[in-house]
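Asks: Below are the sequence and a predicted model; questions follow.
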Amino acid sequence: METVPVFVVEKFFPPRCPKCERPFASCVDFCEHAGRGSSFVDAKIRQTKLFPELFGVQEEPGVFAVNNRFAVDFISCQHCGNVTLRIQYASRQVMSRDEAEQLVESQGFTCWHEGVAAGNRAKPLSALAPLGVADLAGLKSRVLQAKQLAAKQRGDQARGDTFSSEIDPALVEIVNKVREKKLTEAAGKRLRASFGDLWTGVVPECRDFLLTAEVLKDILVSLTEADPSIDFSPVVAAYSKALERGVLERLFRPFVGSCHAHRLPDPTGKRDHDRSIDALSNFVAGGRDLTLGDMAHCLRNLGWRLRCDERNGFAEFLRATVGDLEAFCEQRKFPGRLIEYVEKFRNKSAHIAKLSKEDCMSARAFLLDEPIRLLLVLEESVGR
């Protein structure tokens, strides 16, 4: 049977040696570790018997079977000799070296190696290991639960707020996993390229959620080959949370500590304006944090439309913070585009219908790419 060259790309943990911290990028960096034995096969048999809880050994006269139900093995670092347990997460088989290298570079895969395939295996393939299956199932469950609770609310804004608060613990858990496993190299490189010198000034919580959104995007994009129905709502939620933390910590939290915080306009009789006045007054008084939608409307109503009210301390604070208030609100249209993002992406992620990869990339572009660049406009205006 004719064989063809293929390239197998793997994602596993840990992605680098826990001792010397060198990345496991190729067979030059690590090798499979079997331990002692008269041969490699004998050593592997001894190893599996030492860890029956991992390998599910079944031994009968003339039969030795192993059920590696967790897709684990041991590898040895070629640089320092440290032996560590490796847990497989996902794998892809592609037909070119360029595609394999691109997956490692842009989608968080650990390494690639060349092989051969024949018959119906000689084509692009994707597979999830048990850990990947468990992570994806857990994320799907949390997203579905959050969407079901959000569906009980009236109005897109209320549904978006409920979804955001319900999904937040899951996102924080992913943030912590990303930190622990140091999965942010490729994502960090992309974000630093987008922000340039502004990256170091991005508030830590915003940066953490951005990195998490990028890593989660990479993971889900890599899994769409195995499951095209994947919902990208949690990725959009992570991008939204990054934007929320950035606006909150750059504009609204500093306002509370400023000399302008005690001065807000009296009720105007206009529902939209008065809702923003009430939300900001409550926040200044120590009430709940403002949602992204709250802040968007406060910026439009208090920051711009009511800017001439002599009791509007928020407009004065905003003018002092961003420099040119007209450029920020009108020329660069930050409040209006923030409201547009909330309506098109943040609130939409709460709907029962799934968000596609294309929806996710559109939300990302709204924050980072020309011509809108919401997060970059925020940093350019405030971090000048």
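Replies: Arrived safely, thanks for sending.

Asks: which regions of the stretch 251-384 of the chain sit below the pLDDT cut-off?
Replies: 383-384 (pLDDT under 70).

Asks: Which stretches in the chain count as strands?
Replies: With strands called from DSSP state E, the chain shows them at 3-13, 30-32, 57-60, 63-66, 72-77, 83-94, 111-118, 125-128.

Asks: Could I get those in TSV, plus columns for mean neighbour count?
Replies: In short, each C-beta sits where N, CA and C put it, glycine included. TSV is the format used below for the strands of the chain (neighbours: other Cβ atoms under 10 Å):
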stretch	mean neighbour count
strand 3-13	19
strand 30-32	16
strand 57-60	12
strand 63-66	12
strand 72-77	18
strand 83-94	20
strand 111-118	15
strand 125-128	17
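
Asks: Would you mind putting these into TSV with mean pLDDT alongside?
Replies: Conversion of these to TSV gives the following (pLDDT from 0 to 100):
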stretch	mean pLDDT
strand 3-13	93
strand 30-32	94
strand 57-60	80
strand 63-66	79
strand 72-77	96
strand 83-94	93
strand 111-118	94
strand 125-128	86
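
Asks: Spit out the contact partners of residue 48.
Replies: 54-55, 57, 66 (Cβ atoms under 8 Å, 6 or more residues apart in numbering).

Asks: Around residue 62, how many other residues sit close by?
Replies: When neighbours are defined as other Cβ atoms under 10 Å, residue 62 has 5 of them.

Asks: next one: phi and psi at it?
Replies: Dihedral pair for residue 62: phi 80, psi 0, per degrees, to the nearest 10.

Asks: And the pLDDT at it?
Replies: Looking at residue 62, its pLDDT reads 74.

Asks: The nearest residue to residue 216 once chain neighbours are set aside and residue 162: what is the separation?
Replies: Distance criterion Cβ to Cβ, 6 or more residues apart in numbering; nearest residue to residue 216, sequence neighbours excluded, is residue 235 at 5.0 Å. Relative to residue 162, residue 235 is positioned 19 Å away (Cβ to Cβ, to the nearest Å).

Asks: More neighbours: these two, which one.
Replies: residue 235 (30 against 18).

Asks: separation between that one and residue 220?
Replies: For residue 235, the distance to residue 220 - Cβ to Cβ - is 6 Å.

Asks: so the residue nearest to residue 216 makes contact with residue 213?
Replies: Yes. Counting by Cβ atoms under 8 Å, residue 235 does reach residue 213; the two are 5.6 Å apart.

Asks: what's the spacing between the residue lying farthest from the centre of the chain and residue 287?
Replies: Within the chain, residue 61 marks the point farthest from the mean C-alpha position, 50.3 Å out by Cα atoms, centre = their mean. To residue 287, residue 61 is 73 Å away according to Cβ to Cβ.

Asks: residues contacting the nearest residue to residue 342 once chain neighbours are set aside?
Replies: Leaving aside its chain neighbours, residue 342 sits nearest to residue 293 (4.9 Å; criterion: Cβ to Cβ, 6+ apart). Shown in contact with residue 293 (Cβ under 8 Å, 6+ apart): 157, 160-161, 339, 342, 346-347.

Asks: let's go with 10 Å and repeat that
Replies: Counting by Cβ atoms under 10 Å, 6 or more residues apart in numbering, residue 293 touches 156-158, 160-161, 164, 244, 279, 338-339, 341-343, 346-347.

Asks: Got a ChimeraX select line for the buried ones in these?
Replies: Restricted to buried positions by 16 or more other Cβ atoms under 10 Å, the ChimeraX selection for the contacts of residue 293 reads:
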select :156,157,158,160,161,164,244,279,338,339,341,342,346,347
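
Asks: Return the subset of the contacts of residue 293 lying in helices.
Replies: In this view, the contacts of residue 293 that belong to helices under DSSP state H are 156-158, 160-161, 164, 244, 279, 338-339, 341.

Asks: Out of those, which is nearest to residue 73?
Replies: Nearest to residue 73 among the ones in helices among the contacts of residue 293 is residue 164, at 39.9 Å by Cβ to Cβ.

Asks: Tell me if I'm right that the closest one and residue 150 touch.
Replies: Yes. In this structure, residue 164 is within contact of residue 150 by Cβ atoms under 10 Å, at 8.8 Å.
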